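Chemist: Here you go, sequence then predicted model.
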Amino acid sequence: MRCIIVDDSALEREMLKDLLSSYDSIELVAECSDTFQAKKILDKEEIDLLLLDVEMPKMSGLEFLRSLKNPPLVILITAREKYAVEAFEQNVVDYVLKPVNGSRFMKAINRAQEVFGDRFKTVEKTDKDYVFIKDKGVLTKVRMDDVLFIKAMGDYVTICTPARQYTIHVNLRAIEEKLPADKFFRLHRSYIIALDKVDTIEQETVFIQKHAIPIGEQQKQGLLKRLNLL
């Protein structure tokens, strides 16, 4: 899990970093002293878990959480109990009081890992040629050869095939780990494309059938290296 810490206290951030260091499965991507720094990170990076202080200057943690359209998993960390009701109305994973107790923090992290693991189970890899996805409670086979591209939409992705689109609750990185690397290319943070479905590339746009997908110059050079150029 990719994590960021948001707390205006440098001492609290160091304490949380120390607690996180015992979890090999969690990668600390950044630490932020305010929500504006955190927003910049969330706009650029795929973040799975947010350790968020409530009482901060300029914008509180809860105000920040309400402003996010597709927030990652959130553990709120605060010195006051009075925010608990509103916190759980925002569907946070857990609510931990300061000073943070090591065993209590471990419980919160374990809960976040369970929720995160359930999201990964939305896509089950059974063979290189296809995946099963959970679509409206039904496991549906999707053949790799039918996939045109996959688009991220916050905590959801849309898998586009010629026949239909499937929207499932999982992040793009979870999907990427299920796909054969020789057949698919991560175009940027929002798209994975099937290499053999690319029809044309015109300047900063990749065309797959009628779909136009934007591409930056750096990603374009990486894509060209993967294509069968003459």
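Modeler: Perfect, thanks for sending it.

Chemist: C-alpha from now on. contacts and neighbour counts both.
Modeler: Noted.

Chemist: Quickly list the domain ranges of the chain.
Modeler: Using automatic domain parsing, the domain parsing of the chain gives 2-120, 124-226.

Chemist: for the top helix by length along the chain, packing partners?
Modeler: Longest helix in the chain by number of residues, with DSSP state H as the criterion: helix 102-120. In terms of contacts (3 or more Cα pairs under 8 Å, 6 or more residues apart in numbering; DSSP states H and E), helix 102-120 is packed against strand 73-78, strand 94-97.

Chemist: And the next helix or strand past the helix or strand of the chain with the lowest mean pLDDT?
Modeler: Within the chain, no helix or strand scores below strand 123-127, which has a mean of 51 by mean pLDDT, DSSP states H and E. Per DSSP states H and E, the first helix or strand lying C-terminal to strand 123-127 is strand 130-135.

Chemist: list the buried ones in that next one?
Modeler: Y130, V131, F132, I133, K134 (16 or more other Cα atoms under 10 Å).

Chemist: right, and V206 touches I213 too?
Modeler: Yes: between V206 and I213 there is a contact under Cα atoms under 8 Å: 5.1 Å.

Chemist: Look at those two and report which has more neighbours.
Modeler: Neighbour count, other Cα atoms under 10 Å: between V206 and I213, V206 has more, with 20 against 17.

Chemist: And that one, how far from L179?
Modeler: V206 is 20 Å from L179, where distance means Cα to Cα, to the nearest Å.

Chemist: same question, A87
Modeler: For A87, the distance to L179 - Cα to Cα - is 36 Å.
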